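[1] One predicted model, sequence on top.
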Amino acid sequence: MDFLEILLIIVSSAGLLHGVLFAAYLIVFKKKKTIANRLLGLLLIFMAFRIGKSVLLNFGNGLEPIFIFIGLGFLLLIGPLLRWYVLGMTQADFKLPKLFYFELIPFVVIFISSLFVTKEWYENSKIVIIVFASGLIFIYLHLVFYISLSWLIFKRVKKRYPKESQTKYQKAILDWLPLLIAGFAFIWASYVLNILDNAVPYVIGPIVYSLTIYFLSYKAFQLKATELDGNVFKVNEDHLLFDRINELVVGHKLYRESDLSLSKLSKESGKTTQLISSVINQYARRNFNDYINYYRIQDAKTFLSNSESEKYTISSIAFDMGFSSLSSFNSAFKKFEGITPSAYRKGL
């Protein structure tokens, strides 16, 4: 075994181990045990079994036919689990209907049939090529059908929630799902291209899986996808509360008050500071300070654009807008506009 083969084994095996550990975290160790996280964990475990078969077949010698067929059979679980996971991430209070379990019948049939595969039949039977080829075609068409179905579910949800109306958490899910679906599509493509006249080496499948699972794990934690599920799409009173907050802050120009705080908004709205902060984060996609400062800066820009403003100093404008100091005004202005208030005034 040369250095390249050893390196490929390490890369492939490391990806498998990472996938299994990530799955264990989601199913066993994570405190927030949602249906969506369990489905994603199972998806990773069964995909690892399938990829594990590929690693053994590529680098091992004399792999028993029963393991080859069972490994292929696991692909019949990936499709339904992917679809269920996408539903779990886009539907509030999602529960698996009993009818969904009928989607597992193809896997059960292939798995049970695999138990009767013997080495003698696999090596000597004249119909093995027909059976194997037919099984491969069905299994990979089955998977691409579910990948396509998952994509259509995602697109339908995204159409219902245009970008401008998405909350922070809804956006995170709608950013995460296309990456996950695309990842499984890449893995599928790498195997299909190998089947089609060895367009790519067989070992590319496990390597693509390893690279994909590392990338998806990183994005899942970056987007906090494992902390979310379809309940972020639940219709509730939070949006009404945000409208009320907006009316107070923007409509009544409370943002101009230098002592405006979450506590003050809490008293005005009759809601807890924690709830108000959470709602602003979701619907404004900013924290409380940025939410308030944004409207102060927009007001300041309008004022600076007025020729009458030339007789006022930048400091006086800052205090009128609700800032407690010139430095905080300059920092906020530069954060939102990329330049200082003075530069903005000169550029008019």
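    Sure thing, it's come through.

[2] could you say what helices and strands the helix or strand of the chain with the lowest mean pLDDT packs with?
    The weakest-scoring helix or strand in the chain, judged by mean pLDDT, DSSP states H and E, is helix 119-124 (a mean of 72). Packing contacts for helix 119-124, counted by 3 or more C-beta pairs under 8 Å, 6 or more residues apart in numbering; DSSP states H and E, involve helix 65-73. Quick note: C-beta positions are derived from backbone N, CA and C, even for glycine.

[3] Go ahead and measure how far the helix it packs on is from the middle of the chain.
    Relative to its chain's centre, helix 65-73 lies at 31 Å (C-alpha atoms, centre = their mean, to the nearest Å).

[4] For it, list every residue counted as buried.
    65, 67, 68, 69, 70, 71, 72, 73 (16 or more other C-beta atoms under 10 Å).

[5] Stretch 132-143 too?
    Within stretch 132-143, the residues that count as buried by 16+ other C-beta under 10 Å are 132, 135, 139, 140, 142, 143.

[6] Low-confidence bits of this structure, can you list those?
    1-9, 11-12, 53-63, 122, 195-203, 235-236, 348 (pLDDT under 70).

[7] picking up where we left off before, out of the buried residues of stretch 132-143, who's nearest residue 86?
    Comparing these against residue 86 with C-beta to C-beta picks out residue 143 as the nearest, at 14.3 Å.

[8] How much space separates the closest one from residue 186?
    12 Å (C-beta to C-beta, to the nearest Å).

[9] Show me whatever sits in contact with both of the two.
    By C-beta atoms under 8 Å, 6 or more residues apart in numbering, residue 143 and residue 186 have no common neighbours.

[10] sorry, back to before: contacts made by the least confident helix or strand of the chain with the rest, please.
    Helix 119-124 is touched from outside by 64, 65, 128, with contacts defined as C-beta under 8 Å, 6+ apart.

[11] follow-up on the earlier one: quick one: the buried residues of stretch 132-143 as JSON lines, columns for secondary structure and distance to residue 303 too.
    Formatted as JSON lines, those follow (DSSP: H, G, I helix; E, B strand; the rest coil; distance: C-beta to C-beta, whole Å):
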{"residue": "132", "secondary structure": "helix", "distance to residue 303": "75"}
{"residue": "135", "secondary structure": "helix", "distance to residue 303": "72"}
{"residue": "139", "secondary structure": "helix", "distance to residue 303": "66"}
{"residue": "140", "secondary structure": "helix", "distance to residue 303": "63"}
{"residue": "142", "secondary structure": "helix", "distance to residue 303": "63"}
{"residue": "143", "secondary structure": "helix", "distance to residue 303": "59"}
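
[12] Show me which of the residues you listed is closest to residue 24.
    For these, the nearest to residue 24 is residue 143 (24.0 Å; C-beta to C-beta).

[13] Let me know the helix or strand that the nearest residue to the closest one once chain neighbours are set aside is in.
    The shortest distance from residue 143 to any non-neighbouring residue, by C-beta to C-beta, 6 or more residues apart in numbering, is to residue 79 (4.9 Å). Secondary-structure assignment from DSSP states H and E places residue 79 in helix 75-90.

[14] Now the next helix or strand after that helix - C-alpha only, PDB.
    Counting by DSSP H and E, the next helix or strand C-terminal to helix 75-90 is helix 105-114. The C-alpha coordinates for helix 105-114 follow below in PDB (Å, rounded to 0.1, in the frame of the first residue of the first chain):
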ATOM      1  CA  ILE A 105     -40.500  -0.400   2.500                       C
ATOM      2  CA  PRO A 106     -37.900  -0.400  -0.300                       C
ATOM      3  CA  PHE A 107     -35.100  -0.400   2.300                       C
ATOM      4  CA  VAL A 108     -36.700  -3.300   4.200                       C
ATOM      5  CA  VAL A 109     -37.100  -5.300   1.000                       C
ATOM      6  CA  ILE A 110     -33.500  -4.800  -0.100                       C
ATOM      7  CA  PHE A 111     -32.100  -5.300   3.500                       C
ATOM      8  CA  ILE A 112     -34.000  -8.600   3.900                       C
ATOM      9  CA  SER A 113     -33.000  -9.800   0.400                       C
ATOM     10  CA  SER A 114     -29.400  -9.000   1.200                       C
END
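
[15] tilt between helix 105-114 and helix 75-90?
    Between helix 105-114 and helix 75-90, the angle comes out at 150 degrees (axes from the mean of the first three to the mean of the last three C-alpha atoms, to 10 degrees).

[16] Off-centre distance for helix 105-114?
    Distance of helix 105-114 from its chain centroid, counting by C-alpha atoms, centre = their mean, is 31 Å.

[17] and what of stretch 259-273?
    Centre-to-centre, stretch 259-273 and its host chain are 33 Å apart (C-alpha atoms, centre = their mean).

[18] Can you give me the neighbour number for residue 347?
    By other C-beta atoms under 10 Å, 8 other residues sit near residue 347.

[19] Just to check, it is in contact with residue 339?
    Yes - assessed by C-beta atoms under 8 Å, residue 347 is found in contact with residue 339 at 7.5 Å.

[20] In which helix or strand does the residue nearest to residue 86 when sequence neighbours are not counted reside?
    Among residues not flanking residue 86 along the chain, residue 150 sits closest, at 4.6 Å (C-beta to C-beta, 6+ apart). Taking DSSP H and E as the definition, residue 150 sits inside helix 128-160.
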